[in-house]
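A.B. asks: Structure of the sequence below:
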Amino acid sequence: MAPPSRRPRSPPALMEELVEEILLRIPPAEPAHLFRAALVCKPWRRILSDPGFLRRYRALHRAPPLLGYFHNNHPNFPGPIPPFVSTTAASPVSPLLTFDRSGLSWAHAVDCRHGRVLIEATGGLIVWDPIAGDQKKLSVPKYPRTYSTGAVLCAVDGCDHLDCHAGAFLVVYCGTEQADYQYKTWVTMYSSEAGVWSSMISIDVDYYVDPRPALIIGNALYFSFQYGVSLLKYDLRGHELSMIDSPCVMGSVAMELDDGELGFVAVLDHCIYMWSWQAHANNGIGRWEQHMVMELKTLLPRSDKQRPEVVGLIEGTYTIFISDEAGVFTLDIKSRKVKKVGKRENYDRILPYMSFYTPRY
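C.D. replies: Prediction:
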């Protein structure tokens, strides 16, 4: 007589603490499909909705991952919203499509930082949090301008920028007035806490401000000028303006170097060139020194049709975006790691979107 069959025992449930340690190690660069798997398990769902767990998760992984990038090259895109290109296997696309287009005949992305996107649109500026879906419309001071650009940044003192979506923010708006071949560039700053724009300050220049994204290093913002001939430095605390000549290389992008110094990076003859600004050299006048040269021959596909060009960077890192005939690539200059993140387009600038994303139940 055969022994009675027995149902196999179910494996013992993992302790909640162990589950939490597993969830903490989910790579932040591929958030959506892994986190959504927790929908089938209520204990996992409870952990993922716990603010304490989310703080631990962000503190462990530190740098918010690249979820994708915005750009303004959208001739076939339906509507005025700047398109978003995902760079992860399961980017949270749905929240990024919550931009309210009502009443707007046009809109384009100007800057992207600390989880927010600055959009210039019909009637003024919009500060948009794509993950939360929040939008705040700002009326722009009626200063004369022929060209303009701007920057958005977190205004919370001591913030680590791991999750500053709901905090106070600043918007710096910069414009150039052109009259009879004379150029004057002004800057004003908006504080979400005060709800007002600061007084305007200005400086006489020889060119107009370029729409390339601004760079922040410490307490200073740097705006580029036409043809990359110079930079405008805006002191956020002192509310002062000054000019810095650039290496005068077309297609170059300002960046921060390891020691907090100002740098520039560009592609010339299939090589990456980098310069560093020596502020105290040349009897205090300062000068640019070549910092590095790196060949691209073994890193990117060779193309004679389109010259590779730096079209953006991940601020605070050595990762740049390069566009050429084969597509759009990220290149970590230090590790020499290359990743294709988009198809070939005639990009003049792209705005990387960095943020932690966890589903809201």
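A.B. asks: Follow the chain on from the helix or strand of the chain with the lowest mean pLDDT and name the next helix or strand.
C.D. replies: Counting by mean pLDDT, DSSP states H and E, the chain has its least confident helix or strand at helix 32-36, which shows a mean of 56. Using DSSP states H and E, the next helix or strand after helix 32-36 towards the C-terminus is helix 42-48.
A.B. asks: next SSE after that following helix?
C.D. replies: Counting by DSSP H and E, what follows helix 42-48 is helix 51-61.
A.B. asks: Buried residues, that next one. List them.
C.D. replies: For helix 51-61, the neighbour count (16 or more other Cβ atoms under 10 Å) marks 53-54, 57-58, 61 as buried. To be clear about C-beta, it is placed using only N, CA and C from the backbone, and glycine gets the same treatment.
A.B. asks: so where is the stretch 51-200 of the chain shaky, pLDDT-wise?
C.D. replies: Scanning the stretch 51-200 of the chain for pLDDT under 70 picks out the ranges 73-81, 89-98.
A.B. asks: which residue ranges form the strands in it?
C.D. replies: Assigned strands in the stretch 51-200 of the chain, in chain order: 66-71, 84-86, 107-113, 116-121, 124-129, 134-138, 147-154, 169-179, 182-191, 196-197 (criterion: DSSP state E, counting those that start in this stretch).
A.B. asks: In TSV: these, plus distance to residue 323 and mean neighbour count.
C.D. replies: Formatted as TSV, the strands of the stretch 51-200 of the chain follow (distance: least, Cβ to Cβ, whole Å; neighbours: other Cβ atoms under 10 Å):
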stretch	distance to residue 323	mean neighbour count
strand 66-71	10	25
strand 84-86	12	19
strand 107-113	16	23
strand 116-121	20	24
strand 124-129	24	20
strand 134-138	29	15
strand 147-154	20	22
strand 169-179	25	21
strand 182-191	28	20
strand 196-197	35	13
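A.B. asks: Now do the same contact list for residue 246.
C.D. replies: 224-225, 228-231, 252, 254, 264, 288 (Cβ atoms under 8 Å, 6 or more residues apart in numbering).
A.B. asks: Report how many residues lie close to residue 335.
C.D. replies: Applying other Cβ atoms under 10 Å, we find 9 residues neighbouring residue 335.
A.B. asks: Need the three-state assignment for it.
C.D. replies: Here residue 335 is recorded as coil under DSSP: H, G, I helix; E, B strand; the rest coil.
A.B. asks: let's number from 711 now, not from 1
C.D. replies: Renumbered: residue one is now 711, and that last one reads residue 1045.
A.B. asks: which one of the buried residues of helix 761-771 is nearest residue 885?
C.D. replies: residue 768 (35.8 Å; Cβ to Cβ).
A.B. asks: Quickly note the distance from that closest one to residue 966.
C.D. replies: Distance, residue 768 to residue 966, by Cβ to Cβ, to the nearest Å: 22 Å.
A.B. asks: list the contacts for residue 980?
C.D. replies: Residue 980 makes contact with 1005-1007, 1010, 1012, 1018, according to Cβ under 8 Å, 6+ apart.
A.B. asks: Surely residue 919 and residue 856 touch.
C.D. replies: No: using Cβ atoms under 8 Å, residue 919 makes no contact with residue 856, being 9.5 Å away.
A.B. asks: which one of those two has more residues nearby?
C.D. replies: Neighbour count, other Cβ under 10 Å: between residue 919 and residue 856, residue 919 has more, with 25 against 12.
A.B. asks: per-residue confidence at the more buried one?
C.D. replies: If you check residue 919, the pLDDT there is 92.
A.B. asks: can you pull up the bridge partners for the residue nearest to it when sequence neighbours are not counted?
C.D. replies: Nearest non-adjacent residue to residue 919, counting by Cβ to Cβ, 6 or more residues apart in numbering: residue 886, 4.6 Å away. Assessed by DSSP bridges, residue 886 has beta-bridge partners residue 857, residue 895.
A.B. asks: can you check residue 1039 too?
C.D. replies: Per DSSP bridges, the residues bridged to residue 1039 are residue 1032, residue 1050.
A.B. asks: Just to check, it is in contact with residue 1046?
C.D. replies: No: counting by Cβ under 8 Å, residue 1046 is not a contact partner of residue 1039; they are 11.9 Å apart.
A.B. asks: the more surrounded of these two?
C.D. replies: More crowded of residue 1039 and residue 1046, by other Cβ under 10 Å: residue 1039, with 20 against 12.
A.B. asks: Tell me who's in contact with that one.
C.D. replies: For residue 1039, the contact set (Cβ under 8 Å, 6+ apart) comprises 1010, 1031-1033, 1048-1051.
A.B. asks: One more: residue 1033?
C.D. replies: 1018-1019, 1021, 1039, 1054-1055, 1057.
A.B. asks: In the sheet, which residues pair with residue 827? Tell me.
C.D. replies: Beta-bridge partners of residue 827, as defined by DSSP bridges: residue 822, residue 838.
A.B. asks: which residues touch it?
C.D. replies: Counting by Cβ under 8 Å, 6+ apart, residue 827 makes contact with 780, 792, 819, 821, 837-840, 862, 1061, 1063.
A.B. asks: Quickly name whichever of those residues is closest to residue 894.
C.D. replies: Nearest to residue 894 among these: residue 821, at 22.0 Å, using Cβ to Cβ.
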